[in-house]
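**Student:** Prediction below, plus the sequence it came from.
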Amino acid sequence: MEDRDIGCTTVLFGERGGKYPQGNSLLVRGTDETAIVDPSLGVIPRRARLPRVDRVLNSHCHEDHVAGNHLFPDVPWHLHEADLPGIRSIEGFLGIFGYEGPVGTDWARALVEQFHFTPRPDALGFRDGDVFDLGGGVRVRAVHTPGHTRGHCAFWVEPEELLYLGDIDLSSFGPYYGDAWSDLEDFERTIAMLRTLRPRHWATFHHVGVLSDPAELRERLERFAAKIPEREERLVAFLRGGPHDLVAIARHRFVYRPEDEVPWAEPVEARSMGQHLARLVAAGRVREVEPGRFLAG
Ligand SMILES: [Zn+2]
């Protein structure tokens, strides 16, 4: 696992380019304070050689982003106020996902055993535009980017003009809005807002790592964004052969590939595609021909 310095910021790459469950974390050093952003599983083996850390900043409350928080028990942990319930208790954390039955029970165990989930009732909330001034002109500003979770934030780091995107990861998988606390249309508004920003560097938690070429960034962002209408049109095509209910839609798979062995695939498919379904019905492109069964065309 390598590190990369960009001015006051060091990107601590996770294994395999930060592929889940790993991720890429940031260490931002000012003259007064050092902050770590989204300490991942990859921070654990690095702990002994890290400098003193004064604050933990989390882009949102998901297991892989808080997996290294427990290494810093004596410093403040900061999350957007909308995601605070997730870090305050395991029940709050599970509420973000909304999984029920055996999937929920297995998930609770994995959170603790694999991701070292540690509740922190006194974690602190921040809002869009709040700035962490680390000294010497080094600042981290929160940019609220909801959709993935309610409180998901990007961080704008000065003076490098580096925008850390968290789980807006510009991957070929596309945007993830499959949890109880995710919102498809918030995600679309977030992507539209990101198109207006002009940082010098972009960093993501997974896969892409750091991008500094504006043309490459634009292409990746548009390919990422295009997954949303692509899923929606595939749903319309499926429902032309309907009517189908949400269970059949979830089993058909639009977000994950049929061969992906993901234990939570069905609730994520149902939550993701349920949001597409609702707006297709509202737009008159899909009809509910009998209770709970939908037909397109
Ligand atoms: Zn996430």
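**Tutor:** Okay, I see it.

**Student:** which non-adjacent residue is nearest the closest residue to the ion within the stretch 151-297 of the chain?
**Tutor:** Closest to the ion within the stretch 151-297 of the chain is D167: 3.8 Å, counting by CB to the ion. C-beta coordinates here come from the backbone N, C-alpha and C atoms, glycine included. Leaving aside its sequence neighbours, D167 sits nearest to H148 (CB to CB, 6 or more residues apart in numbering; 4.9 Å).

**Student:** The one you found sits in which helix or strand?
**Tutor:** Using DSSP states H and E, no element contains H148; it sits outside every helix and strand.

**Student:** Please apply the same query to V28.
**Tutor:** strand 25-29.

**Student:** so after that strand, what's the next helix or strand?
**Tutor:** strand 34-37.

**Student:** Helix or strand next in line after that following strand, which one?
**Tutor:** In N-to-C order, the element after strand 34-37 by DSSP H and E is strand 55-57.

**Student:** tell me what that following strand is packed against?
**Tutor:** strand 34-37, strand 77-80 (3 or more CB pairs under 8 Å, 6 or more residues apart in numbering; DSSP states H and E).

**Student:** Now do the same contact list for the residue nearest to D167.
**Tutor:** Taking CB atoms under 8 Å, 6 or more residues apart in numbering, we find H148 in contact with H60, G166, D167, I168, P175, Y176, Y177, S182, F187.

**Student:** swap the cut-off to 7 Å and go again
**Tutor:** H60, D167, I168, Y176, Y177, S182, F187 (CB atoms under 7 Å, 6 or more residues apart in numbering).

**Student:** For those residues, give me a markdown table that also has neighbour count.
**Tutor:** Output for the contacts of H148, formatted as a markdown table (neighbours: other CB atoms under 10 Å):
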| residue | neighbour count |
| --- | --- |
| H60 | 26 |
| D167 | 24 |
| I168 | 26 |
| Y176 | 20 |
| Y177 | 23 |
| S182 | 24 |
| F187 | 22 |
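
**Student:** Would you indicate which residues of the helix or strand of the chain with the lowest mean pLDDT are buried?
**Tutor:** Scoring the helices and strands of the chain by mean pLDDT, DSSP states H and E places helix 101-113 at the bottom, with a mean of 86. Using 16 or more other CB atoms under 10 Å as the test for burial, helix 101-113 gives V103, W107, A108, L111.

**Student:** ok, and what's touching it?
**Tutor:** E63, I90, F93, L94, F97, Y99, F117, P263, W264, P267.

**Student:** can you check stretch 214-228 too?
**Tutor:** L170, S171, G174, P175, E188, I191, L194, R195, W202, V208, L211.

**Student:** just the residues of the stretch 1-150 of the chain that are near the ion, which are they?
**Tutor:** Selection of the stretch 1-150 of the chain residues close to the ion by CB under 5 Å from the ion yields H62.

**Student:** can you tell me the residue of the stretch 1-150 of the chain closest to the ion?
**Tutor:** H62 (3.3 Å).

**Student:** May I have the secondary structure class of that residue?
**Tutor:** With DSSP: H, G, I helix; E, B strand; the rest coil as the basis, H62 sits in coil.

**Student:** What distance do you get for it to G135?
**Tutor:** Remark: distance between H62 and G135 (CB to CB, to the nearest Å) = 29 Å.

**Student:** Who has more neighbours out of these two?
**Tutor:** H62 (27 against 12; other CB atoms under 10 Å).

**Student:** got a list of what that one touches?
**Tutor:** T149, D167.

**Student:** Which pLDDT value goes with it?
**Tutor:** On pLDDT, H62 comes in at 96.

**Student:** now G30
**Tutor:** For G30, pLDDT reads 98.

**Student:** how about the strands in the stretch 151-297 of the chain?
**Tutor:** 153-158, 162-164, 201-203, 210-211, 286-290, 293-296 (DSSP state E, counting those that start in this stretch).

**Student:** could I get the ones you listed as a markdown table with mean pLDDT?
**Tutor:** Shown next, in a markdown table, are those (pLDDT from 0 to 100):
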| stretch | mean pLDDT |
| --- | --- |
| strand 153-158 | 98 |
| strand 162-164 | 98 |
| strand 201-203 | 96 |
| strand 210-211 | 94 |
| strand 286-290 | 98 |
| strand 293-296 | 98 |
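
**Student:** Of the ones you listed, flag the one that's most buried.
**Tutor:** Mean neighbours per residue, mean count of other CB atoms under 10 Å, is largest over the strands of the stretch 151-297 of the chain for strand 162-164, with a mean of 26.

**Student:** Contacts only, for the closest residue to W202 other than its chain neighbours.
**Tutor:** Leaving aside its sequence neighbours, W202 sits nearest to L211 (CB to CB, 6+ apart; 4.6 Å). By CB under 7 Å, 6+ apart, the contact set of L211 is W202, L217, R220.
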